[in-house]
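> quick one: sequence plus predicted model below, questions after.
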Amino acid sequence: MTAVLGSRARVRPWSRRPVPRRGRTSRTPGAFAAIYRLMLRNQASIGRVFAVMALGVGAILLGAAVGLQHTVDPVHDGAELINRYGLTILVPVVTLVFSSSTLGDLIDDRTLVYLWLRPVNRLTVAAAAAGAAMTICLPAVTVPLVICAALTGGGIALVGGTAVAAAVGVVGYCGMFVALGLRFKRALVWGLAYILLWEGYVAKASKTASRLSLRAYTRSVVSQYTGVRLDQAGLTIVAAVLVPVVVGIVFVLLTGRRLKKTAVD
Amino acid sequence: MTATAARTGAIDLGAIGATLEPRPMVEASGVSKWFGDVVAVSEVSFTLGAGVTALLGPNGAGKSTMLRLLAGLVPPDRGELRILGRDPRADIAVLRRIGLVPQQETVFDSQTAFEFVHMAGVLHGIPKPDRAAKQALALVELEHRDPRRLSTYSRGMRQRVKVAQAIVHSPRVIVLDEPLTGLDPRQRRHMTRLFHELGDLGCCVIVSSHVLDEVERFGSNVLVIAQGRLAAEGDFRAIRDLMEDRPHRLRITSDHPHQLAGHLLADGLIMGLELIDARSVVVETNDVHSFRRNVAVVAREIGARLSEVVPLDDDLDSVFRYLVGRP
């Protein structure tokens, strides 16, 4: 019988090394980059990219339409458009589609096992997932919204406020929806329920409820930048910028923690 | 280590033998796992060392759950599992020494075979993942330069890629869930040889299958799981010998089979017989060792020529049927 290993007659020497000390995880700095690249590649499906591009083109067309109307108060109209379309639909829906699927797809097709089996800190996996989602979502929503804001004629304040609001919104929503993708089988449905029901209706019921809605923070950024009064937008600029970022980080930490405890199929 | 091995950073296979673990490499004690009301694994205890062990059981017996427990993918609800002395759930460092071929066919479809195996090497933190990935793919007879994505691979090719990612980091404990599924007969032989060689090198190789012909090729050491419980553990021939409530059946071929069987019955060496044809008879005995010692003596005494004595139920299939209570 021909030897399978013998024909190569060598085996890598680290097989003889003792088992690493308890708690030691992969020391290779390539772990984050490898997982990040994988997630990025998995996300960039043609269907998703087209859907996002369609939403982005929609924002640009709406911005152009408002700009062409030559309204009395382009800043107000522009801020309302950014609030009603950009921060209400584009930012949360796009981040939901991409973020919930970073880990959610791996669970659905049972490939998470190939990441879970590696001696890599689970937080690295969670951070790579959120990082990949942000890499796609930041340009996918910020660029069309900034163009939209510019086309409305709202000026530099609206463009700046839109860019910051979209960016902090992406950070917050990405963290939240990556966690959602790991936690729920139908993350897209749960995410839409949060966006439409909680942020759309429940958050309007009370001040406390609105504080638990990321949209209140993103629209506060636009409001603070432009001076336009928007519904549930009474937060300070510091809180409006910091809270979504903190929310994003906290959810990434929770995702790492859940990954550690999760049963993998 | 040879000079070549030292120069290339590799070692020769013979040296690996010296790394055999003195203690059990896999230890399960009183392990139970249930999903809702369904008990998947119940009070299972065993220890395994180096070599190939086949995990055997009918579909739904709890084999895959047992393997998932061993790889740390799910925590036991009761009992303790130790891989190389560590808990694979609590101590992820031990994952450096575990390789798993999961049952599911899916892999990362957007990657090539090399990227998939290379990434496994990178995540395991091995020093030269490029070289290791090429070697692992070569061991399963796949080409590392193949530019095709895994989505275009056949079932058998995916299976081989899964094996490559499981061995790229030279693990000591290798868990394989139905690893021969989808492979052609030549590839099956190749993989079986590979698993044996890994076992001979000091790895603890655990292979599950419900195809008995496959399992028999993996060797005689088995863990039999039936309805979530460990039905038997060890060499299946030894297990068969211990089944005293099941008489052994043997076929005797002789020029005077009826006369021979009559004498064996009279001497108390057999407890039943079935006439097959003019040259063959099937006998049943509770003491197979005594029977084997004396059958030739009795044949000589009566002047019968003994052509063949064939055990009919000490193969793996029979042992398995007895253990899982199948007819």
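Thanks, I have it.
> show me which helix runs longest in chain A.
helix A:122-152 (DSSP state H).
> strands of chain B, start to end?
With DSSP state E, the ranges of strands along chain B come out as B:26-35, B:38-48, B:51-56, B:78-83, B:98-101, B:173-177, B:204-209, B:221-226, B:229-235, B:248-254, B:272-275, B:280-285, B:306-311.
> looking at these, which has the lowest confidence?
With a mean of 81, strand B:229-235 has the lowest mean pLDDT of the strands of chain B.
> pull out the buried positions in that one.
By 16 or more other C-beta atoms under 10 Å in any protein chain shown, the buried positions in strand B:229-235 come out as B:229-233. For every residue, glycine as well, the C-beta is placed using N, CA and C.
> just the C-alpha atoms of that strand, please, in PDB.
Taking C-alpha atoms only, strand B:229-235 is exported to PDB below (Å, rounded to 0.1, in the frame of the first residue of the first chain):
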ATOM      1  CA  ARG B 229     -26.200   5.800  24.600                       C
ATOM      2  CA  LEU B 230     -22.800   4.200  24.300                       C
ATOM      3  CA  ALA B 231     -23.600   0.600  23.400                       C
ATOM      4  CA  ALA B 232     -20.100  -0.700  23.200                       C
ATOM      5  CA  GLU B 233     -16.500   0.400  23.000                       C
ATOM      6  CA  GLY B 234     -13.300  -1.300  21.800                       C
ATOM      7  CA  ASP B 235     -12.300  -3.900  19.300                       C
END
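> which strand residues bridge residue B:207?
residue B:54, residue B:176 (DSSP bridges).
> and residue 45, how many neighbours?
I went with chain A, as the question did not name one. Applying other C-beta atoms under 10 Å in any protein chain shown, we find 13 residues neighbouring residue A:45.
> ah, I was thinking of chain B
13.
> name all residues that make contact with it.
B:28-31, B:79, B:230 (C-beta atoms under 8 Å, 6 or more residues apart in numbering or on different chains).
> now do the contacts for the nearest residue to it once chain neighbours are set aside.
Spatial nearest neighbour of residue B:45, excluding adjacent residues (C-beta to C-beta, 6 or more residues apart in numbering or on different chains): residue B:29 at 4.9 Å. Residues touching residue B:29, when contacts are defined by C-beta under 8 Å, 6+ apart, comprise B:45, B:79-81.
> hmm, back to that, touching chain B at all, the next helix or strand after the longest helix of chain A?
Per DSSP states H and E, the first helix or strand lying C-terminal to helix A:122-152 is helix A:155-183. No. Using C-beta under 8 Å from any C-beta of the partner chain, helix A:155-183 stays clear of chain B, coming no nearer than 15.1 Å.
> buried members of the contacts of residue B:29 into PyMOL, please.
Per 16+ other C-beta under 10 Å, the buried members of the contacts of residue B:29 correspond to this PyMOL selection:
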select buried, chain B and resi 79+81
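> in CSV, list the contacts of residue B:29 along with distance to residue B:101.
Below are the contacts of residue B:29 laid out as CSV (distance: C-beta to C-beta, whole Å):
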residue, distance to residue B:101
B:45, 24
B:79, 24
B:80, 24
B:81, 19
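> from the contacts of residue B:29, which is closest to chain A?
Chain A has its nearest neighbour among these in residue B:81, at 13.9 Å by C-beta to the nearest C-beta.
> which stretches of the chain form helices?
By default, I'm working from chain A. Here chain A has its helices, by DSSP H, at A:30-43, A:46-68, A:74-81, A:91-108, A:113-116, A:122-152, A:155-183, A:187-193, A:203-205, A:207-211, A:214-226, A:237-261.
> actually it's chain B I care about, not the one you picked
Using DSSP H, helices in chain B cover B:3-8, B:13-16, B:63-70, B:113-123, B:129-139, B:155-167, B:185-200, B:212-218, B:236-242, B:257-266, B:288-302, B:316-324.
> which residues are contacting the fourth one?
It stands for helix B:113-123. Applying C-beta under 8 Å, 6+ apart, the external contacts of helix B:113-123 come out as A:26, A:28, A:30-31, A:34-35, A:38, A:114-115, A:118-120, B:107-108, B:111, B:129-130, B:132-134, B:136-137, B:142-146, B:150, B:153, B:157, B:161, B:164-165, B:168-169.
> ChimeraX command to pick out the buried ones of the residues you listed?
Provided next is the ChimeraX selection string for whichever of the contacts of helix B:113-123 are buried by 16+ other C-beta under 10 Å:
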select /A:26,28,30,31,34,35,38,114,115,118,119,120 /B:107,108,111,129,132,133,134,136,137,142,144,150,153,157,161,164,165,168,169
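> residues of stretch B:181-192 that come out buried?
B:181-183, B:187-188, B:190-192.
> for that stretch, the distance to its chain's centre please.
Distance of stretch B:181-192 from its chain centroid, counting by C-alpha atoms, centre = their mean, to the nearest Å, is 15 Å.
> pLDDT at residue A:1, what is it?
As predicted, residue A:1 sits at a pLDDT of 42.
> pick out the residue of the stretch 51-200 of chain A closest to chain B.
Nearest residue of the stretch 51-200 of chain A to chain B, counting by C-beta to the nearest C-beta: residue A:118, 3.6 Å away.
> need the contact list for that residue.
Taking C-beta under 8 Å, 6+ apart, we find residue A:118 in contact with A:26, A:31, B:95, B:120, B:123-124.
> which member of those residues is positioned nearest residue A:213?
For the contacts of residue A:118, the closest approach to residue A:213 (C-beta to C-beta) belongs to residue A:31, at 34.8 Å.
> contact partners for residue 87?
Here I'm looking at chain A. Contact analysis of residue A:87 by C-beta under 8 Å, 6+ apart lists A:165-166, A:169, A:215, A:218-219, A:222.
> ah, I was thinking of chain B
Counting by C-beta under 8 Å, 6+ apart, residue B:87 touches B:72, B:80-81, B:94.
> swap in 10 Å and give it another go.
Shown in contact with residue B:87 (C-beta atoms under 10 Å, 6 or more residues apart in numbering or on different chains): A:22, B:72, B:75-76, B:80-81, B:94.
> ok, how many other residues are close to residue B:32?
For residue B:32, the count of nearby residues is 17 (other C-beta under 10 Å).
> over to residue A:164?
The tally of other residues near residue A:164 (other C-beta under 10 Å) stands at 19.
> go on, the one 4 residues further on?
Using other C-beta under 10 Å, residue A:168 is surrounded by 23 other residues.
> thanks again, I'm all set now.
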